[in-house]
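>>> build me a model from this:
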Amino acid sequence: MDKGGLGLLATLYQYISVSRDYVAQVWKPHLRFRCSSEDSITLLLQYLQQSFILSYIHAIRVVIMSEFTTFTEGEFYEGHFDSRAYVKSFYSCSSGHADEKNYLTFVLRCLSRVFSAGKRSLSIESLSLTVLFFLNNFDTDVCFKGEHKGKRLIDVGSGPSIHSVLSACEHYDEIVLSDFANNNRREIEKWLKNQEGSLDWKPILQYVCELEGKSLSDLEATLKQRVKKVLKCDVRLENPFYPHTLEPADCVITSLCLEAACKDIQTYCRALHGLTELLRPGGLLVMIGVLGESFYKVDEQLFSCLRLSRDGIEEALRGLGLSIQEFNILPAEDRENNSVSDFEAIFHLVARKPSE
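Below you'll find the model as predicted:
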């Protein structure tokens, strides 16, 4: 980003701060004539301040995205994505990045519920978070079924991470991890082989173990034993693993991949079709993603993202014949103070391919 763009961003952030003061100083005297209590005044002020702030967030998004002359597809990741900085920023603890307010906790708990329901003991913190999830669009008809099992699981677009398959690994005999970027695959291989300098996944492993009543050493050993391949994938291809042809899987997981890899909704729908082709009839598709995100940042490097909506995702899945079993949403908190992304919500969904 050039100096002009940075200057404009600085000005917009300054306006956010000024707008808060403006609302408080200018509007509060007028509201006193129209509201019967201080509580009513406070609520109205907060609403007005939020409206100002969201307007400036939209302007900031426009400025940032204007810096991308092209969508940052897979080829850009090869030379610009810092795998270790990514894990350090977003996976160093179970809650994830501080600016994203329990994003990772939401994801880990959703995955645990899908694959290992009923094995955990809930703490007071866990109970309150579970209640929050229910308030944010859990499909209560299918909650807590858990323990999906099978022979083969494929994780499409793993990045340098293993978190997506921790709860699932003991329920599948063979696991394939994958990513487009060579460096991401190397980091996974280093961890699987216990090589010196490999990434530290103990905080995330420990959290999942506490959820599910498992031993950290047993969970780590199980995952390393069950992962059979780490392959290059490109979700833009009809066969994401070309030139390899994989046997149909009982479960396909993808997390934060498609919206980062697909420049438009047509490419996104084709990628979804490619994922469903990896599934056996009756197989399970588990997706983690973000709604309304146009960018995210890793160690000051910006990456573009396809803005998605729940309606658009549901339409695409149903168009492919999948039945959506649950679609869970956690809205973003404190968006004006998120320095690493602009997502509106995190989603987790489970869909099933029709049986033949």
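>>> pick out the residue nearest the middle of this structure.
Residue closest to the average C-alpha location in the chain (CA atoms, centre = their mean): Gly289, at 4.0 Å.
>>> now do the strands in the stretch 251-356 of the chain.
For the stretch 251-356 of the chain, applying DSSP state E, counting those that start in this stretch gives strands covering 279-291, 295-298, 301-304, 323-331, 345-352.
>>> what's near enough to touch the residue nearest to the centre of the chain?
Ser255, Leu256, Leu258, Glu259, Leu308, Ile313, Ile346, Phe347 (CB atoms under 8 Å, 6 or more residues apart in numbering). Quick note: C-beta positions are derived from backbone N, CA and C, even for glycine.
>>> including distance to Gly321, could these go into a markdown table?
Formatted as a markdown table, these follow (distance: CB to CB, whole Å):
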| residue | distance to Gly321 |
| --- | --- |
| Ser255 | 23 |
| Leu256 | 25 |
| Leu258 | 18 |
| Glu259 | 22 |
| Leu308 | 20 |
| Ile313 | 15 |
| Ile346 | 26 |
| Phe347 | 20 |
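>>> got the domain ranges for the chain?
Split into domains by automatic domain parsing, the chain comes to 3-66, 74-352.
>>> what about the shortest one, average pLDDT?
So the one you mean is domain 3-66. Averaged over domain 3-66, pLDDT sits at 52.
>>> spell out the residue ranges of the helices in the stretch 151-300 of the chain.
In the stretch 151-300 of the chain, the segments counted as helices under DSSP state H, counting those that start in this stretch are 182-192, 202-212, 216-226, 258-261, 265-277.
>>> of these, which is nearest Lys232?
Among these, the nearest to Lys232 by CB to CB is helix 182-192 (6.8 Å).
>>> next, the angle helix 216-226 makes with that closest one.
Orientation of helix 182-192 against helix 216-226 (axes from the mean of the first three to the mean of the last three CA atoms, to 10 degrees) gives an angle of 120 degrees.
>>> which strands and helices sit next to helix 182-192?
Contacts defined by 3 or more CB pairs under 8 Å, 6 or more residues apart in numbering; DSSP states H and E place helix 182-192 against helix 83-90, strand 172-179, strand 227-232.
>>> okay if I get these as TSV plus distance to Arg185, mean neighbour count and mean pLDDT?
Shown next, in TSV, are the helices and strands packed on helix 182-192 (distance: least, CB to CB, whole Å; neighbours: other CB atoms under 10 Å; pLDDT from 0 to 100):
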stretch	distance to Arg185	mean neighbour count	mean pLDDT
helix 83-90	9	18	95
strand 172-179	5	23	98
strand 227-232	5	16	98
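>>> still on that earlier bit, need the strands of the stretch 251-356 of the chain in TSV (columns: mean pLDDT).
Converted to TSV, these look like this (pLDDT from 0 to 100):
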stretch	mean pLDDT
strand 279-291	97
strand 295-298	93
strand 301-304	94
strand 323-331	96
strand 345-352	97
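>>> export the helices and strands packed on helix 182-192 to TSV and tack on distance to Asp299?
Listed next are these as TSV, based on distance: least, CB to CB, whole Å:
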stretch	distance to Asp299
helix 83-90	4
strand 172-179	18
strand 227-232	23
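>>> quick check: which of the ones you listed is nearest to Leu302?
Closest approach to Leu302 among those is made by helix 83-90 (13.1 Å; CB to CB).
>>> pull the distance from that closest one to the chain's centre.
Helix 83-90 has its average C-alpha position 14 Å from the chain's average C-alpha position, going by CA atoms, centre = their mean, to the nearest Å.
>>> now for it, which elements pack on it?
helix 182-192, strand 295-298.
>>> deepest of these, which one?
strand 295-298 (a mean of 20; mean count of other CB atoms under 10 Å).
>>> contacts for that strand?
Residues from elsewhere that reach strand 295-298 (CB under 8 Å, 6+ apart): 61, 64-65, 81-82, 85-86, 89, 260, 302-305, 339-343.
>>> just the pLDDT for the closest residue to Lys202 other than its chain neighbours.
Closest residue in space to Lys202, ignoring its immediate chain neighbours: Leu216 at 7.0 Å, by CB to CB, 6 or more residues apart in numbering. Note on Leu216: pLDDT of 97.
>>> Leu216 contacts Cys209, correct?
Yes - the pair Leu216 / Cys209 is scored as a contact, 5.0 Å apart, by CB atoms under 8 Å.
>>> which one's more surrounded, the two?
Cys209 (19 against 15; other CB atoms under 10 Å).
>>> show the contacting residues for His273.
In this structure, His273 makes contact with Leu320, judged by CB under 8 Å, 6+ apart.
>>> any low-confidence regions in the stretch 101-250 of the chain?
Low-confidence segments of the stretch 101-250 of the chain, defined by pLDDT under 70: 117-147.
>>> alright, that wraps it up for me.
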